[in-house]
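**Student:** I'd like to go over a predicted model; first the sequence, then the structure.
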Amino acid sequence: MGFVNAFKPPGISSAQFGARVRRIYSVRGRTNVAAGHLGTLDPDASGVLPLAIGKATRLIPLIEDRRKAYAFVLALGRATDTGDASGKTVRETSIPADAEALLEAASQRFVGPWLQVPPMFSAVHIDGRRLYELARAGRTVERKARRVTLYDLRILGFEGTTVRMRVACSEGTYVRALCEDLGNAIGVAAHLAALLREASGPFVLYESLTLEQIEAAPEIALVPPERVIPFPTIVLDGRGAADFRAGRMVPLPNGAVCRHVFVRDATRSLVGVGEAVGALLAPRKVFV
């Protein structure tokens, strides 16, 4: 069990890519291994797609750092029905000569917390269906704005009708919607032309692995939970580990001062996650 910092290429959905990674570990273990991703990427997007493998899927809620970072290309002068390059053109406008200066000034107004309306082509659930399913059926429904935060937004280069940009943002931020909002802020139709996720929480692009690299060395590709979630690790002896696995509180080892800890047995196998309750360690997640 553990996490995989995978690099998803364009042209495949997150679900399809995750299924391929899951098969790698299922074949190796000769069993159907669970796999869960920490935030999807659109099929046309590429970059960091963290995956939890096996029992690590139960640790996903414990990952507190959910910030994202993206490099993207903003295309000016044309808006599409999907908000990205795969959609049909719905509006075209001219681009003012001072578009770069206008965009530089407007982009800073988006830094900080604000309310963003999710695009119709998104995985948000409304009445039991994903928005993109409704959009493909030709339906447009009212969406509730969600609070997002941009920590940084900057222009990297301005080339004709395209602008290379980078954003650091909170979980749940839609870059396609941001591109449309940036265009509207300067009175220009716009869409997302390309998207690369450079970071997702503690997972960063330069450490990410392709499917071929994961398949060549599955065990090496696994990142231990302690490297993802900043809990210390304590080791219990045979009796203590058995009691912990059975759901019983055990004495907290001397020197353990953190509220939450990873618990391993004498063989260094991960037993679970414990929480300090006075001088005792209570099981919160147990891996049998």
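**Tutor:** All right, it came through fine.
**Student:** For the stretch 51-200 of the chain, which segments are assigned as strands?
**Tutor:** For the stretch 51-200 of the chain, the strands defined by DSSP state E, counting those that start in this stretch cover 68-76, 78-80, 89-92, 112-116, 125-126, 129-130, 146-159, 162-169, 190-200.
**Student:** Any chance of TSV for the ones you listed, columns mean neighbour count and distance to Lys55?
**Tutor:** Using the backbone N, CA and C atoms, a C-beta is placed for each residue, glycine as well. As requested, the strands of the stretch 51-200 of the chain are exported to TSV (neighbours: other C-beta atoms under 10 Å; distance: least, C-beta to C-beta, whole Å):
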stretch	mean neighbour count	distance to Lys55
strand 68-76	22	25
strand 78-80	21	42
strand 89-92	12	46
strand 112-116	13	34
strand 125-126	12	26
strand 129-130	14	28
strand 146-159	14	31
strand 162-169	19	30
strand 190-200	23	21
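**Student:** Nearest to Ala99, out of these?
**Tutor:** Among the strands of the stretch 51-200 of the chain, the nearest to Ala99 by C-beta to C-beta is strand 68-76 (6.4 Å).
**Student:** Please state the offset of the closest one from the chain centre?
**Tutor:** On the basis of C-alpha atoms, centre = their mean, to the nearest Å, the separation between the geometric centre of strand 68-76 and that of its chain is 16 Å.
**Student:** What pairs with that strand, parallel or antiparallel?
**Tutor:** Here strand 68-76 is paired, per DSSP bridges, with strand 162-169 (antiparallel), strand 190-200 (antiparallel).
**Student:** Does Val286 touch Arg245 like I think?
**Tutor:** Yes - contact criterion C-beta atoms under 8 Å: Val286 and Arg245 qualify, at 5.8 Å.
**Student:** overlap in contacts of those two?
**Tutor:** Residues touching both Val286 and Arg245 (C-beta atoms under 8 Å, 6 or more residues apart in numbering): Val271, Gly272.
**Student:** quick revisit: make TSV from the strands paired with strand 68-76 and add mean pLDDT and distance to Glu180 to it.
**Tutor:** What follows is the strands paired with strand 68-76, written out as TSV (pLDDT from 0 to 100; distance: least, C-beta to C-beta, whole Å):
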stretch	mean pLDDT	distance to Glu180
strand 162-169	98	14
strand 190-200	97	6
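**Student:** Using a markdown table, please lay out those strands together with distance to Leu178.
**Tutor:** Putting the strands paired with strand 68-76 into a markdown table (distance: least, C-beta to C-beta, whole Å) gives the following:
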| stretch | distance to Leu178 |
| --- | --- |
| strand 162-169 | 7 |
| strand 190-200 | 8 |
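**Student:** Stretch 241-252 spans what distance, first to last residue?
**Tutor:** This stretch, stretch 241-252, spans 12 Å end to end (C-alpha to C-alpha, to the nearest Å).
**Student:** Name the residues of it that are buried.
**Tutor:** Judged by neighbour count (16 or more other C-beta atoms under 10 Å), stretch 241-252 contains these buried residues: Ala241, Asp243, Phe244, Arg245, Met249, Val250, Leu252.
**Student:** for that stretch, the distance to its chain's centre please.
**Tutor:** Counting by C-alpha atoms, centre = their mean, stretch 241-252 comes out at 33 Å from the chain centroid.
**Student:** Now do it, average pLDDT.
**Tutor:** Across stretch 241-252, pLDDT averages out at 92.
**Student:** And the contacts of stretch 85-94?
**Tutor:** Stretch 85-94 is contacted from outside by 44, 75, 77-82, 121, 187-189, 191-194, using C-beta under 8 Å, 6+ apart.
**Student:** Among the residues you listed, which one lies nearest to Glu100?
**Tutor:** Closest approach to Glu100 among the contacts of stretch 85-94 (C-beta to C-beta): Val188, at 11.5 Å.
**Student:** Grab the nearest non-local neighbour of Ile60.
**Tutor:** Spatial nearest neighbour of Ile60, chain neighbours left out: Ala52 (5.4 Å); criterion: C-beta to C-beta, 6 or more residues apart in numbering.
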